[in-house]
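K.L.:
give me a 3D structure for the following:
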Amino acid sequence: MAETPLWTGKKRALFGLPWTFTTYTLTDTCLFIRSGVFTVREEEIRLYRILDVTLRQSFRERLFGLGTIHLCTSDQSTPEMDIKRIKHPKEVRTILSDRAEIERSSKLEGMRELMNQAADNGHRD
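P.N.:
Numbers count the residues shown, from 1 in each chain. I've put the predicted structure just below:
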């Protein structure tokens, strides 16, 4: 993970305190989730694979300024996931959604260029 993080956060426990062992790091191209103490699990989701971003806030989460962001992705290993009980969830949702859209657009543009090059190469006599 050599990219500069756009956002980092921790899953929060009771009363909004960061007493859990799950951290989130968002870069320009990926979302990284690291959890565990003795057995560590690291998940990487490419932003262009994110299809839908939903903010959920229970009454209790709102009381402590927290929220959960639900993601639907085209990722094989993680088709759905939650970024649980984070601070500033609206801002994080906006950053995540905007970056995912930028990444999808750049991937589509790259695919169009490849298809145009292939078409041009196929029509040469």
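K.L.:
from residue 28, how far off is residue 47?
P.N.:
8 Å (C-beta to C-beta, to the nearest Å). C-beta here means a position set from N, CA and C on the backbone, and glycine is covered the same way.
K.L.:
shared neighbours, the two?
P.N.:
99, 103 (C-beta atoms under 8 Å, 6 or more residues apart in numbering).
K.L.:
between these two, who's got more neighbours?
P.N.:
Neighbour count, other C-beta atoms under 10 Å: between residue 47 and residue 28, residue 47 has more, with 23 against 12.
K.L.:
so the more buried one makes contact with residue 30?
P.N.:
Yes - at 6.3 Å, residue 47 counts as touching residue 30 under the criterion of C-beta atoms under 8 Å.
K.L.:
flag every buried residue along the helix ranked longest in the chain.
P.N.:
Scanning the chain for the helix with the most residues, using DSSP state H, yields helix 89-122. The neighbour-count check on helix 89-122 (16 or more other C-beta atoms under 10 Å) flags 89, 92, 93, 96, 97, 99, 100, 103 as buried.
K.L.:
so the residue nearest to residue 56 when sequence neighbours are not counted is in which element?
P.N.:
Spatial nearest neighbour of residue 56, chain neighbours left out: residue 68 (4.7 Å); criterion: C-beta to C-beta, 6 or more residues apart in numbering. Element membership of residue 68, judged by DSSP states H and E, is strand 66-73.
K.L.:
run through who's touching the helix or strand that that strand is followed by.
P.N.:
Moving toward the C-terminus from strand 66-73, the next helix or strand (DSSP H and E) is strand 80-87. The contact list for strand 80-87, computed with C-beta under 8 Å, 6+ apart, reads 9-13, 16, 22, 24, 31, 33, 43, 45, 61, 65-73, 92.
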